[in-house]
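> generate a structure from the sequence data that follows.
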Amino acid sequence: MRKNEKGVALILTLILLAVLSVMAVSLLFMAQAETWSGMNYRMTTQARYGAEAGVQKAANFIQSASYTAPTNAQIAANFNTTASPVIYSGAAAGLSANSSLGSNNYPISSDTTGFASNGTGSLIAGNTTVNYSAYAKLLAIQGFTSYPNATPAVVEKWEITSDGTISGVRNAQVRVSAIMERQKAATFAYAAFATATGCSAMSFGGGGSTDSYDSASITYSGGTAVTQNYGGNVGTNGNLDVSGSKTTINGSLSTPRAGTGSCSTSTVTALSTNGNANVTGGITELPGAVTYNTPTAPSPAPPTTAMSIANNADCTGIPSCTTSGGKNPSETYITASSTSSTATSLGSLTVQGNLHLVPPSGTAAGSVVYINANSITTNGNPNIYIDPIPGTSPAQYAQIVLNIAPTGSIDLTGSTLSNPSLIPSNFQVLYGGTNLVKINGGTQTAMLLYAPNASFKLNGGGSLYGSVIANQVTDLGGGAIHYDRELQKQFYQLGNYMLSAFNWQKY
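Okay, here's the model as predicted:
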């Protein structure tokens, strides 16, 4: 038996060595595969980040001052905007730093050369160099007139695609694309907006409220316009403070701030409430602060000469003024100008007697007419009327724009403003200064106030139909701001650029 077992240990040892060798080789291959897999993942990630860098570089160029957007005339002359992508010279309009994705096909040579140099580059990642190059395809473009300065503006939508590449013994290529667009935004999107960033940037109390109506289909009850308990949205770059049991914002609050409760300089909350005051639509958090451009100062600058509208309807020293030809010859009429360059120019106007602001005869309905003034102050409780176009029946209105000098002021607390159309755009007040703006509400007080640098106060318990843009907004006397929902489609300004719809693929 012992003789027959000779050599078994050797055989078992050889078998064990073979098994261990197979296991070692398997582990070696597994480790190598994991190493290559990790390397592939690392290189793919690096290439993707490089491609994303190309997208960002391309987007930054289009957003920079180095990029020149086409004018409205160039859009009309060069582009087929009914197609997407937009067509220029028979092909897709685009800017390129990557010929494999598309060619430079754009009417502005400085943009093509600028993009070609800015849309490509490289990144160093350890001992690896990642190269990137981008192409931007124009999907849509539209020109419009921006409020408040009536300047041409352009909104665009781009598809930006970028390749990130690592070259060497082992290669990697990733393609990333994103949509970048800049939309036009309604200027008067809120019943009131306060541009200030701190506590009580906007304050409502004493039963103050907001709601809305539609000036295209007004209904009346007892001689007063009927409003709806929704749509009175407000916004601020800071905090809204509402107090009083009857104080109600019939709409939402939009702000880049977050949270409710006590507000302090170190912690600016979105909303502070006291006494059961209510914001019915809750809080909408904005992605960032909203910017409103300062309106252009009247040019030429209006005189600073004191001018007075007296009870005896005397036009002495007041341009474009008459005391005859109106509905009431004992009152004063000031006629606006049909062009901004020849706007009726008033000094420091004090209104003590009834005043009518009138469009020129023959003005087309809805046209814009202009009055510039150094300042306007009222006392003695006069009425200020926004009159229809002379001779129209039924009454038709122009859009009277009153532009106040930045060094001037606006104080209409000693008067009643009457715009019988209840169409706020028929009386627009522009003010680039910082002095407090004070206005009384009333049953026919319809207007737009665009004063992004000034504080605004709505006096008394009256109503204001329209919209207010100011640095700070205060309504503590129980007044109501009735937002006209038609404003959502009447005046626009440039919105912010947005990057969205990121996607990527490996090659």
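> quick one: mean pLDDT for the helix or strand hosting Ser21?
Assigned by DSSP states H and E, Ser21 belongs to helix 8-63. Mean pLDDT, helix 8-63: 79.
> any idea which strand is longest in this protein?
In the chain, with assignment by DSSP state E, the single longest strand is strand 128-146.
> what are the buried residues along that strand?
Under the neighbour-count criterion of 16 or more other C-beta atoms under 10 Å, strand 128-146 has 128, 130-139, 141, 143, 146 buried. From N, CA and C alone the C-beta is placed, and that goes for glycine too.
> please work out which residues outside the helix or strand that comes right after the helix holding Ser21 touch it.
Counting by DSSP H and E, the next helix or strand C-terminal to helix 8-63 is helix 72-78. With contact meaning C-beta atoms under 8 Å, 6 or more residues apart in numbering, helix 72-78 is reached by Pro70, Thr81, Tyr88, Pro107, Ile108, Ile141, Gln142, Gly143, Pro152, Val154.
> of those residues, which pair is most distant in space?
Tyr88 and Pro152 (19.3 Å; C-beta to C-beta).
> which SS state does Met447 fall under?
Three-state call for Met447 (DSSP: H, G, I helix; E, B strand; the rest coil): strand.
> so it touches Leu422, yeah?
No - checked against C-beta atoms under 8 Å, the pair Met447 and Leu422 is beyond contact range at 10.2 Å.
> overlap in contacts, the two.
Counting by C-beta under 8 Å, 6+ apart, the residues touching both Met447 and Leu422 are Tyr465.
> of these two, who's got more company?
Using other C-beta atoms under 10 Å, the more surrounded residue of Met447 and Leu422 is Met447, with 23 against 19.
> burial count for the residue lying closest to the more buried one once chain neighbours are set aside?
In space, and not counting its chain neighbours, Met447 is closest to Phe427: 4.5 Å by C-beta to C-beta, 6 or more residues apart in numbering. Here the number of neighbours of Phe427 (other C-beta under 10 Å) works out to 25.
> how close does Phe427 get to Ala172?
63 Å (C-beta to C-beta, to the nearest Å).
> next one: Asn104
Here Asn104 is placed at a distance of 27 Å from Ala172 (C-beta to C-beta).
> now swap in Phe491 and tell me
In terms of C-beta to C-beta, Phe491 sits 50 Å off from Ala172.
> who has more neighbours, the two?
Higher neighbour count among Phe491 and Ala172: Ala172, with 24 against 21, using other C-beta under 10 Å.
> from the buried residues of strand 128-146, which two are the most distant?
Across the buried residues of strand 128-146 (C-beta to C-beta), the longest gap, 45.8 Å, separates Thr128 and Ser146.
> for stretch 399-418, C-alpha coordinates in CSV please.
C-alpha atoms of stretch 399-418 as CSV (Å, rounded to 0.1, in the frame of the first residue of the first chain):
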residue,chain,number,x,y,z
GLN,A,399,-50.0,107.1,-24.8
ILE,A,400,-48.8,110.2,-23.0
VAL,A,401,-45.3,109.8,-21.6
LEU,A,402,-44.2,112.2,-18.9
ASN,A,403,-40.4,112.1,-18.5
ILE,A,404,-39.2,113.8,-15.3
ALA,A,405,-35.5,115.0,-15.0
PRO,A,406,-33.4,112.9,-12.7
THR,A,407,-32.7,116.0,-10.5
GLY,A,408,-36.5,116.7,-10.2
SER,A,409,-39.3,115.2,-8.1
ILE,A,410,-42.9,114.0,-8.4
ASP,A,411,-45.4,114.8,-5.7
LEU,A,412,-49.0,114.4,-6.7
THR,A,413,-50.4,114.0,-3.2
GLY,A,414,-52.3,117.3,-3.4
SER,A,415,-54.3,116.2,-6.5
THR,A,416,-56.5,113.6,-8.1
LEU,A,417,-55.3,112.0,-11.3
SER,A,418,-58.0,111.0,-13.7
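> so how far is the longest strand of the chain off the chain centroid?
From the chain centre to the centre of strand 128-146 is a distance of 21 Å (C-alpha atoms, centre = their mean, to the nearest Å).
> list the neighbouring strands of that strand plus their orientation.
Sheet pairing of strand 128-146 (DSSP bridges) gives strand 94-96 (antiparallel), strand 120-125 (antiparallel), strand 151-166 (antiparallel).
> export the helix or strand that the last one is followed by to PDB, keeping only CA atoms.
Translated: strand 151-166. Counting by DSSP H and E, the next helix or strand C-terminal to strand 151-166 is strand 172-186. Extracted in PDB, the C-alpha atoms of strand 172-186 (Å, rounded to 0.1, in the frame of the first residue of the first chain):
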ATOM      1  CA  ALA A 172     -11.100  60.100 -25.600                       C
ATOM      2  CA  GLN A 173     -13.700  62.300 -27.200                       C
ATOM      3  CA  VAL A 174     -16.900  63.600 -25.700                       C
ATOM      4  CA  ARG A 175     -19.500  65.900 -27.300                       C
ATOM      5  CA  VAL A 176     -21.600  68.200 -25.100                       C
ATOM      6  CA  SER A 177     -24.500  70.400 -26.300                       C
ATOM      7  CA  ALA A 178     -26.700  72.900 -24.600                       C
ATOM      8  CA  ILE A 179     -29.400  75.500 -25.400                       C
ATOM      9  CA  MET A 180     -28.600  79.100 -24.600                       C
ATOM     10  CA  GLU A 181     -31.400  81.700 -25.000                       C
ATOM     11  CA  ARG A 182     -32.200  85.200 -24.000                       C
ATOM     12  CA  GLN A 183     -35.900  85.900 -24.000                       C
ATOM     13  CA  LYS A 184     -37.800  89.200 -23.800                       C
ATOM     14  CA  ALA A 185     -39.600  89.700 -20.500                       C
ATOM     15  CA  ALA A 186     -42.600  91.800 -19.800                       C
END
